[in-house]
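Enquirer: Okay, structure incoming, though there's no sequence with it:
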Ligand SMILES: C[S@@+](CC[C@H](N)C(=O)[O-])C[C@H]1O[C@@H](n2cnc3c(N)ncnc32)[C@H](O)[C@@H]1O
């Protein structure tokens, strides 16, 4: 692949998704795009770049972008944010008008483990939620992972990563060597496509936002822009969770760390007070 082809594909992917492909990712580009080259009967990545230069290649550009996303996820990933959520939910419920649902957004949800982890927590809190409905929205830029999230069927390998056996038995049923999430958890969740670089305002406002392990793939200006957009979708007393290698520090002043809680962020006091 010529450097021009690499730059063109990297520029296209960054413009569409924010994903930053530095020249050391050349090998990743080659390995992840090989199936697509075969499917499109293209000789090599130069031919792909050539095809992508045609403004009509929108579907192909989308497929290339999707192929370059990293979709790694697991149940109750990193533990801490979920422990914090268990403590935060009763406070959020107490501060809401009766009947008002609690809205949780798993932005960049991949195959849905994060959304279903939240659903399990809410299902197990029972009385502490005072009968409050918890609505969980999972979104991602990649259609393939969203389809898997909606299906709610996980492999043995996937359930072995982070999901305690007690919850596996309680919330999943075995089906031809795989595990299907219970109808109750599915009823709490919904999965939709959403690009974090797009207009997030139509998503509405959320009490809790999880946006974990996606900002690491963006450059600092893109991280700042996405964090500011997420802050605007958070209710004044809401919580945002980021991944272990992510922070708001030096990127935005619209969010501040929750004191003593790694990975949890909130609106600065002055902003929260004015709503
Ligand atoms: C590594 S996974 C993280 C999954 C989950 N949040 C977790 O922490 O386990 C990153 C996800 O971000 C998605 N993604 C990448 N760029 C995106 C964008 N611009 N908008 C929305 N999702 C994006 C990818 O498709 C991928 O599924």
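Expert: Sure thing, it's come through. Bear in mind that the values here come from a model prediction, so they are computed numbers and not experimental data. Residues are numbered from 1 along each chain as shown.
Enquirer: Write out the residues of the protein neighbouring the ligand.
Expert: 17-19, 69-73, 77, 108-110, 114, 140-142, 145, 195-197, 212-214, 243 (CB under 6 Å from any ligand atom). Heads up, the C-betas are built off the backbone N, CA and C, glycines and all.
Enquirer: what residues go with each domain of this protein?
Expert: Annotated domains of the chain cover 3-67, 80-274 [automatic domain parsing].
Enquirer: Residues touching stretch 195-203, excluding its own?
Expert: For stretch 195-203, the surrounding residues in contact (CB atoms under 8 Å, 6 or more residues apart in numbering) are 16-18, 105, 107-108, 137, 139, 141, 194, 211, 214, 222, 225-226, 229-230, 232-233.
Enquirer: Dihedrals phi and psi, residue 76?
Expert: Here is the backbone geometry of residue 76 (degrees, to the nearest 10): phi 50, psi 40.
Enquirer: I am assuming it contacts residue 83, so please confirm or correct that.
Expert: No: with contacts counted by CB atoms under 8 Å, residue 76 stays clear of residue 83, the gap being 9.2 Å.
Enquirer: Counting neighbours, go ahead and name the busier of those two.
Expert: residue 76 (21 against 13; other CB atoms under 10 Å).
Enquirer: what's the more buried one in contact with, if anything?
Expert: Taking CB under 8 Å, 6+ apart, we find residue 76 in contact with 82, 117, 162, 163.
Enquirer: now residue 129
Expert: Taking CB under 8 Å, 6+ apart as the definition, contacts of residue 129 comprise 89, 90, 93, 102, 122.
Enquirer: Let's see that with 10 Å instead.
Expert: For residue 129, the contacting residues are 89, 90, 92, 93, 102, 121, 122, 123, by CB atoms under 10 Å, 6 or more residues apart in numbering.
Enquirer: ok, for the second one, nearest residue in space, not its chain neighbours?
Expert: What that stands for is residue 90. Nearest non-adjacent residue to residue 90, counting by CB to CB, 6 or more residues apart in numbering: residue 128, 5.1 Å away.
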